[in-house]
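Asks: Need a 3D model of the sequence below.
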Amino acid sequence: MLTIQKLPWAGILAQDGTTTVAIDPIYHFPSHLGQSHETLYPLSEFGAVDAVLVTHHHGDHFDPQAIRDYYGRDIPVYLPEESVALAIEAGLENVHGAAPGQSFAIGTLRAFAAPSVDGTGDAQVAWIVEGGGRKLIHAGDTLWHGYWWKIAADYGPFDAACLPVNGAVLELPRMSPPSGQPICLTPEQAVSAAVVLGAKTLVPIHHTAVHFPPVYRQTPDMMNRLTTSAHGKIELSVLTTKSELIL
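Replies: I've put the predicted structure just below:
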């Protein structure tokens, strides 16, 4: 048995009853994205963890201050190898770089780093967590890419795919001129990715908290589109913060 607990924004806890890992936990909201549209809770409210897995170093996925404050500087943190120096500079003392294809034993769980493609060109990995006879994938804020079939062949099938669904369009100074294209999966793309991955259920992440036009625009009619697209193709497990899904 493997339990998923939803954290705000894109974060989750994965627990097999003995070992717990947090993926992309945050508490401090990046100021350039305005105010969060959902409640952010101190990480202490979700209990202790044995390790933290980070998909990439953007401030809405990597919150070193919260990790230090609530889990301690010496908590094992796994993140893309390109971001190790940044994590150490932020005061974390037990940092492990990960590249696609590597795996790590964390208590009774095993975490695998898999390919992922960041919409702004920064280093990113997807995390696969296996334990209790179950397996999930958390893909950060990936956009659509051609690795889905390879991931499915190498690691699938999955009991749950935690995928971004808000198809965000950004206008940032460093991304000029703006493309007008989504930098993460749209609802329809998330469903397609989950089906290709062979997932039993799609758990939407990376939605609701951020909508701050024109800097960050969440795709319109997101949940209706997601429900319509998933119908007849895959089970949809929409979790609210603190709710759980037992796989």
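Asks: Look up the pLDDT of the most centrally placed residue in the chain for me, please.
Replies: For the chain, the residue sitting closest to the mean C-alpha position, by CA atoms, centre = their mean, is Gly140 at 3.3 Å. For Gly140, the pLDDT comes out at 97.
Asks: Can you verify my assumption that it contacts Asp118?
Replies: Yes - using CB atoms under 8 Å, Gly140 is in contact with Asp118, at 7.5 Å. Glycine gets a C-beta too; all of them are placed from N, C-alpha and C.
Asks: if we can go back for a sec, could you tell me the model confidence score at the nearest residue to the residue nearest to the centre of the chain once chain neighbours are set aside?
Replies: Leaving out its chain neighbours, the residue that sits closest to Gly140 by CB to CB, 6 or more residues apart in numbering is Thr55, at 3.0 Å. Looking at Thr55, its pLDDT stands at 98.
Asks: Surely the residue nearest to the centre of the chain is in a strand?
Replies: No - Gly140 sits outside any strand when classified using DSSP: H, G, I helix; E, B strand; the rest coil, being coil.
Asks: Helix, strand, or coil at Tyr70?
Replies: Counting by three-state DSSP, the backbone at Tyr70 sits in helix.
Asks: Might one say that it is in contact with Glu45?
Replies: No - the pair Tyr70 / Glu45 is not scored as a contact, 9.1 Å apart, by CB under 8 Å.
Asks: Between those two, tell me which one has more neighbours.
Replies: Taking neighbours as other CB atoms under 10 Å, Tyr70 and Glu45 compare with Tyr70 leading, 20 against 11.
Asks: Which residue, other than its chain neighbours, is closest to that one?
Replies: In space, and not counting its chain neighbours, Tyr70 is closest to Leu43: 3.8 Å by CB to CB, 6+ apart.
Asks: so that neighbour touches Gln65, yeah?
Replies: No - checked against CB under 8 Å, the pair Leu43 and Gln65 is beyond contact range at 10.5 Å.
Asks: For those two, list the residues in contact with both.
Replies: Taking CB atoms under 8 Å, 6 or more residues apart in numbering as the criterion, Leu43 and Gln65 both touch Tyr27.
Asks: ok, and what's touching the lengthiest helix in the chain?
Replies: Determined from DSSP state H, the single longest helix within the chain is helix 187-197. Residues outside helix 187-197 that contact it (CB under 8 Å, 6+ apart) are 137, 139, 143-144, 148-149, 151-152, 156-158, 161, 163-165, 167, 185, 201-202, 204, 219, 222-223, 225-226, 229-230, 233-234.
Asks: Show me how to select, in PyMOL, the buried members of those.
Replies: Under the burial definition 16 or more other CB atoms under 10 Å, those of the contacts of helix 187-197 that qualify are selected in PyMOL by:
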select buried, resi 137+139+143+144+148+151+152+156+158+161+163+164+165+167+185+201+202+204+219+222+225+226+229+230+234
